[in-house]
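Colleague: From the sequence below, what's the structure:
(chains A and B)
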There are 2 protein chains.
Amino acid sequence: MSSSRRDFLKILGGGALALPALNLSSLPMLGQDAADRPLRYCIVGLGRISLNEFMPGVRLSHKSRLTALVSASRAKAEKVAAQYQIDPKNIYSYENFHRIADNPEIDAVYLALPNGMHAEYTVRAAEAGKHVLCEKPMANTPAECEQMIAACRKAGKKLMIGYRCRLEPTNLRAISLIRSGALGKVQIIESSDGFNISPTYTVMGVTRPEWRLDKAMAGGGPMMDVGIYSLQATRYLSGEEPAVISATWSRSKDDPRFRGVEENLVWHTQFPSGVLATCNTSYGSNIGDSARVNGSKGWLSLDPGFYYDGLRLRGHSQTQGNLDYVADNPNPRQFTTEADYFTDCVHKNQEPTINGEEGLRDMKLIAAIYKSCREGGAPQQV
Amino acid sequence: MSSSRRDFLKILGGGALALPALNLSSLPMLGQDAADRPLRYCIVGLGRISLNEFMPGVRLSHKSRLTALVSASRAKAEKVAAQYQIDPKNIYSYENFHRIADNPEIDAVYLALPNGMHAEYTVRAAEAGKHVLCEKPMANTPAECEQMIAACRKAGKKLMIGYRCRLEPTNLRAISLIRSGALGKVQIIESSDGFNISPTYTVMGVTRPEWRLDKAMAGGGPMMDVGIYSLQATRYLSGEEPAVISATWSRSKDDPRFRGVEENLVWHTQFPSGVLATCNTSYGSNIGDSARVNGSKGWLSLDPGFYYDGLRLRGHSQTQGNLDYVADNPNPRQFTTEADYFTDCVHKNQEPTINGEEGLRDMKLIAAIYKSCREGGAPQQV
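Modeller: Got it, this is the predicted structure:
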């Protein structure tokens, strides 16, 4: 997009497109070509990640736009709609969600529901003819992931999983350095992600029990929620797919938070080239979010490595010297990038690298990790 | 020891005790009571740890002394003896080692031989009536450890393993903080120790192939040599004994260093209370030496955690605030402390906390770790 188009869109703002006095189709950036038009998102689920991250992220974008909302609370949705200049006629409930099919102001949905609802709403969105950007983890089970992939394929719609670290400059720099040989032969990858979870959470003044501690809603504990970052990282940092995974878990039996899901989980992975990974995740301790890659000729760490901002790469290479790097990427820019990447994939009819198959891959590995835990740590060929 | 005695010993220095004009037995700190006399060590093996660490460490001591040497090279031993003012009559070869039995100027041996020789020389030293301070790892196998324990018990001699971190202020501070509840419930312990090993090493101008890469001499690769620090740390930091261990290893098949021993190894441990530990070790990457303990109310890290000096504790506790700590403990003071602790154990007839049984415990765990690796990562009840 040219800078003059961008500037014009800035002046118009989100609401300007509804102005009746303008012949919008005659404007160069709003012509017949859909690729010239911002992708219009319907936010499904007005929880923490939508309200605090994704929506503020899209607000910074010139090629993605928020045009509709789905929420169980009409009052809440109206407040959010007003804040984002979203037309109240574009507010849906979960009951009338299927009617998004009839709304030409919606191109795609951003699904930020509890994990256990991802499959149902992805299928419904695809059936309504909308592209789907679904938060991680993709679903509760590999079978659900397969349903989601099939539904989007059948509908001819794109499906992307919200693996924002795959688009994030610090993580990309780490991948690039490793592929350039800066660390020599990669030997051992370590990664951690976890925090001490509160039993409740509050959104817009309403406090609820934490759904991430509900097995049916979350599919599991910290492994599903944050361990998945480490799992992904071991794959994209090594550039390989795991061969064997072993895992073990624990929970405080007297802690009511962990009646249904694990509290702590550690696993290690053998990759085909001989790279070994060792990871841990927790809902019982603020262990941070980090990764470290140890190679024959150097090392690098991402610490923090997966958070919304403040990511920091440190390292040293025998061949390239100091590897330290900090991106100028304040929150919520990662979400702007994520939305815009999906927008581009839709407009250019390109498959996202972080598509449904990629989400399914992690879900199969997580299923293997949980199976190993249930089997007392038995190694799983994956 | 009173400060006046200490000051007097300082003035005397190591060599002064040999002055014939002094009636040493009449001096209060050198009376008939053996407990008043420095423990006299015979160094067995003039390799890196003896020459660079232990002997300089003992030189700083007032209650431990170097009085004899065992080496395959008479010329080398004579040079070292001159440097440390050791009487050349107290130089032994491995062939005439048994004659230390007849030397009343030797109370104990410091065994710093390749791991595969620890058992033989511990048994021979005990049979010669000497106490044994043996470097870690205790031996190549649990069976060898049991022979060593039996021989020292039969001879009525003390046996200690050189687990200097168990006497080191930064590690002791970490243990104390954890026991005080500063971190709340301990959840996950991470530890790493490894380096990119050279195929050869040089001591006093002579370069030899690295014995630590020879399976018969070393018993294994980095797990035996440095992984053992992490293994120990998970035990002393958690204050528990492992229940289940799983491990996996890898090696570069085209790297001649790793024909006989593993290059990389990762393992995880489940402790009875639910504490999980995840560790890694390498001879193919400079992964440093560190430990991190994640609890429900705080965390602490030791990084570096096991080296000869520069150890650093960092951490934060919800109840105790900042936990940062750096000990004033320059190299080779850890070795002074280690020698003097053994001296005290001998003089007070106290069993060292880091005795043969403690070494055996680790060796059994290492055997289980290697068994898990050979069995493709199968969990081992330990």
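Colleague: Quickly find the element holding residue A:72.
Modeller: Under DSSP states H and E, no helix or strand contains residue A:72.
Colleague: Cross-check the contact I'm expecting between it and residue A:94.
Modeller: Yes - assessed by CB atoms under 8 Å, residue A:72 is found in contact with residue A:94 at 6.0 Å. C-betas here are computed from N, CA, C, even on glycine.
Colleague: Show me which residues of the stretch 201-350 of chain A sit near chain B.
Modeller: Proximity of the stretch 201-350 of chain A to chain B is confined to A:244, A:246, A:248-252, A:263-268, A:270, A:274-280, A:282, A:284-287, A:294-296, A:299 under the rule CB under 8 Å from any CB of the partner chain.
Colleague: Would you mind listing which of these are buried?
Modeller: Neighbour counting over those (16 or more other CB atoms under 10 Å in any protein chain shown) leaves A:244, A:246, A:248-252, A:263-268, A:270, A:274-280, A:282, A:284-287, A:294-296, A:299 as the buried ones.
Colleague: Please say which of residue A:72 and residue A:94 ends up with more neighbours.
Modeller: For residue A:72 and residue A:94, the more surrounded residue by other CB atoms under 10 Å in any protein chain shown is residue A:94, and the numbers stand at 16 against 11.
Colleague: contacting residues for that one?
Modeller: The neighbours of residue A:94, taking CB atoms under 8 Å, 6 or more residues apart in numbering or on different chains as the test, are A:70, A:72.
Colleague: which SS class is it?
Modeller: Under DSSP: H, G, I helix; E, B strand; the rest coil, residue A:94 falls in the coil class.
Colleague: what does residue A:361 give?
Modeller: Under three-state DSSP, residue A:361 comes out as helix.
Colleague: What about the residues of the stretch 201-350 of chain A next to chain B, which are in helices?
Modeller: Assigned to helices by DSSP state H, none of those qualify.
Colleague: What distance do you get for the residue most central in space within chain A to chain B?
Modeller: Nearest to the centroid of the C-alpha atoms of chain A, with distances taken as CA atoms, centre = their mean, sits residue A:162, at 2.3 Å. Using CB to the nearest CB, to the nearest Å, residue A:162 is found at 26 Å from chain B.
Colleague: just residue A:303 next, same as before
Modeller: If you go by CB to the nearest CB, the gap between residue A:303 and chain B works out to 11 Å.
Colleague: If the residue nearest to that residue when sequence neighbours are not counted is in a bridge, with which residues?
Modeller: Computed as CB to CB, 6 or more residues apart in numbering or on different chains, the closest residue to residue A:303 that is not its neighbour in sequence is residue A:290, at 3.8 Å. Under the criterion DSSP bridges, residue A:290 forms beta bridges with residue A:192.
Colleague: what do you get for the one 10 residues further on?
Modeller: Using DSSP bridges, the bridge partners assigned to residue A:300 are residue A:293, residue A:315.
Colleague: tell me the domain ranges of chain A?
Modeller: A:38-164, A:169-328+A:355-381 (automatic domain parsing).
Colleague: Near residue A:180, how many other residues are there?
Modeller: Neighbour count for residue A:180, taken as other CB under 10 Å: 11.
Colleague: got a list of what it touches?
Modeller: By CB under 8 Å, 6+ apart, the residues touching residue A:180 are residue A:320.
Colleague: Tell me the spacing between residue A:131 and chain B.
Modeller: 39 Å.
Colleague: What does the pLDDT read for that residue?
Modeller: According to the prediction, residue A:131 has pLDDT 98.
Colleague: So it is in contact with residue A:106, correct?
Modeller: No - under the criterion of CB under 8 Å, residue A:131 is not in contact with residue A:106, lying 9.6 Å apart.
Colleague: more neighbours, these two?
Modeller: Higher neighbour count among residue A:131 and residue A:106: residue A:131, with 25 against 22, using other CB under 10 Å.
Colleague: Leaving out chain neighbours, which residue sits closest to that one?
Modeller: Distances taken as CB to CB, 6+ apart place residue A:108 nearest to residue A:131, at 3.8 Å, with adjacent residues excluded.
Colleague: just residue A:317 next, same as before
Modeller: Sequence neighbours aside, residue A:298 is the residue nearest to residue A:317 in space, at 3.6 Å (criterion: CB to CB, 6+ apart).
Colleague: Over to residue A:116?
Modeller: That would be residue A:217: by CB to CB, 6+ apart, it lies 4.7 Å from residue A:116.
Colleague: Quick one: the domains of chain A as a markdown table, columns for distance to residue B:226 too.
Modeller: Formatted as a markdown table, these follow (distance: least, CB to CB, whole Å):
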| stretch | distance to residue B:226 |
| --- | --- |
| domain A:38-164 | 35 |
| domain A:169-328+A:355-381 | 13 |
